[in-house]
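# Would you be able to build a 3D model of this:
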Amino acid sequence: MPQARQNQISLDATNSYHCISRCVRRQYLCGQDPLTGKDFSHRRDWIRARIFELTEVFSIRILSYAVMSNHLHVVLCVDQEQALTWDDPEVARRWLALFGGTPLVRSYLAGEKLADAQLSAVSSLIRKYRKRLFSISWFMRCLNEPIARWANAEDNVTGRFWEGRFKSQALLDEASVIAAMAYVDLNPIRAAMAHTPEESDYTSIQQRILEQDSKIAAGDKAALNEIPEDLRTAIGRLMPFTDEVPDDPERAIPYEIRDYLELVDWSGRAILEGKRGSIPGNLPPILERLKIDPGNYIRFINRTQKHRFHSVIGAVESMRNLAGDFGRSFLKGQNAAAALFSPG
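As a prediction, the model looks like this:
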């Protein structure tokens, strides 16, 4: 039985989550349907463009993403502290960038003189908007609902485009965040849609590799014009690694970009070689620093491990602490956690 969302998302426990949405009946509604031959790949452009449009409004950063033929993954990080520093007009402007808002809020932003009772009502609405602007549920709602409307209008149909609510997994520590990011970025390779990370279309790993190109990093217009428009607008909007923003390490992934690129490249080779029991040599140092077991890591990114994670990914102790926060005695996935995240 599905758990209530409030029993899956706790910003007090972690601000990082892996979210997944699937198309109804898992049909190829965002790619090429092998049965009819119809190509819906342009909807993947819609989805990626929408993701980064929302990051300009919400206080939520994207660590990794993969837009597949019939589902999407995002690993995101909620910056609640940033949302709490916005003044009321900033919150109102951001909310009205997505929704029409009430006439009262529009009058407030226009600088019209309001009575005390009206200002009190505006303040109450802005408090509600502020909470929504760092809400994962509202982020996913604002991502999925427009895509469903556009697709249904294009197909001249009504009804669901996505399955029920999105699935979320709390990422409780740095090791679980990196493992989930790599799992998401390797989706096309695991599905035999690509052979290398740089060929993995509609993924953050492809985007990060492009961003390492000196011309793109420098904003060269000719180089930028050679890549798809939706990817062009996404450049520079992923949550960076610490070496990419040395002046702002608090809002960055606490590893170097080259370490992560090496991890994904090594992981992709391991998947293609099918070495689930025999791990290739030259293990990326990041696995050792994060105390991730290499063999179980390969099983994790292939989703072949016997014991799987459910709504939470992290070390066993972290999972036990979160269970206590939710008033529960146990969270599923502790066997997987014990196997993947080795003790110190």
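# where's the residue lying closest to Thr196 once chain neighbours are set aside relative to Leu261, distance?
Computed as C-beta to C-beta, 6 or more residues apart in numbering, the closest residue to Thr196 that is not its neighbour in sequence is Gly268, at 6.5 Å. Bear in mind the C-beta positions are built from the backbone N, C-alpha and C, glycine included. The gap separating Gly268 from Leu261 is 11 Å, by C-beta to C-beta, to the nearest Å.
# for the helix or strand of the chain with the lowest mean pLDDT, packing partners?
Counting by mean pLDDT, DSSP states H and E, the chain has its least confident helix or strand at helix 316-325, which shows a mean of 77. The contact analysis (3 or more C-beta pairs under 8 Å, 6 or more residues apart in numbering; DSSP states H and E) places helix 316-325 against helix 334-340.
# Enumerate the positions of the helix it packs on that are buried.
334, 336-340 (16 or more other C-beta atoms under 10 Å).
# for the closest residue to Leu224 other than its chain neighbours, phi and psi?
Distances taken as C-beta to C-beta, 6+ apart place Arg232 nearest to Leu224, at 5.3 Å, with adjacent residues excluded. Dihedral pair for Arg232: phi -60, psi -40, per degrees, to the nearest 10.
# Pull the number of nearby residues for Arg232.
By the measure other C-beta atoms under 10 Å, the count of residues near Arg232 is 15.
# and Leu72, which of the three is it?
When classified by DSSP: H, G, I helix; E, B strand; the rest coil, Leu72 comes out as strand.
# Name the nearest residue to it, ignoring sequence neighbours.
Nearest non-adjacent residue to Leu72, counting by C-beta to C-beta, 6+ apart: Ser21, 5.4 Å away.
# quick revisit: so the residue nearest to Leu224 makes contact with Glu226?
No. Contact criterion C-beta atoms under 8 Å: Arg232 and Glu226 do not qualify, at 9.1 Å.
# mind checking pLDDT for Ile126?
As predicted, Ile126 sits at a pLDDT of 97.
# What count of nearby residues applies to it?
So Ile126, with other C-beta under 10 Å, has 20 neighbours.
# hang on, the earlier thing: for Gly268 and Leu261, list the residues in contact with both.
Any residue near both Gly268 and Leu261 by C-beta atoms under 8 Å, 6 or more residues apart in numbering counts here, and that gives Pro197.
# more neighbours, these two?
Using other C-beta under 10 Å as the criterion, Gly268 and Leu261 rank with Gly268 on top: 24 against 19.
# what is the mean pLDDT for whichever helix or strand that one is part of?
Assigned by DSSP states H and E, Gly268 belongs to helix 257-273. For helix 257-273, the mean per-residue pLDDT is 89.
# Can you give me the buried ones in it?
Neighbour-count burial for helix 257-273, counted by 16+ other C-beta under 10 Å, picks out 257, 259-261, 263-268, 270-271.
# Need the contact partners of it.
Applying C-beta under 8 Å, 6+ apart, the contact partners of helix 257-273 are 178, 181-182, 185-186, 189-190, 195-197, 205, 208-209, 212, 240-241, 243-244, 253, 279-280, 282-287, 297-298, 301-302.
# Can you flag which of those belong to helices?
The helices, defined by DSSP state H, take in 178, 181-182, 185, 189-190, 205, 208-209, 285-287, 297-298, 301-302 from these.
# List the buried residues for the host helix or strand of Pro89?
Take DSSP H and E as the rule and Pro89 turns out to sit in helix 88-96. By 16+ other C-beta under 10 Å, the buried positions in helix 88-96 come out as 88, 91-92, 94-96.
# which one of those residues is nearest Glu112?
Nearest to Glu112 among those: Ala92, at 12.9 Å, using C-beta to C-beta.
# pretty sure that closest one contacts Tyr129?
Yes. Counting by C-beta under 8 Å, Ala92 touches Tyr129, with 6.8 Å between them.
# Can you check which residues contact both of these two?
Counting by C-beta under 8 Å, 6+ apart, no residue touches both Ala92 and Tyr129.
# List the backbone torsions phi and psi for the spatially most distant residue from the centre of the chain.
Distance from the centre of the chain peaks at Ala115, with 42.0 Å (C-alpha atoms, centre = their mean). Per-residue torsions, Ala115: phi -70, psi 160 (degrees, to the nearest 10).
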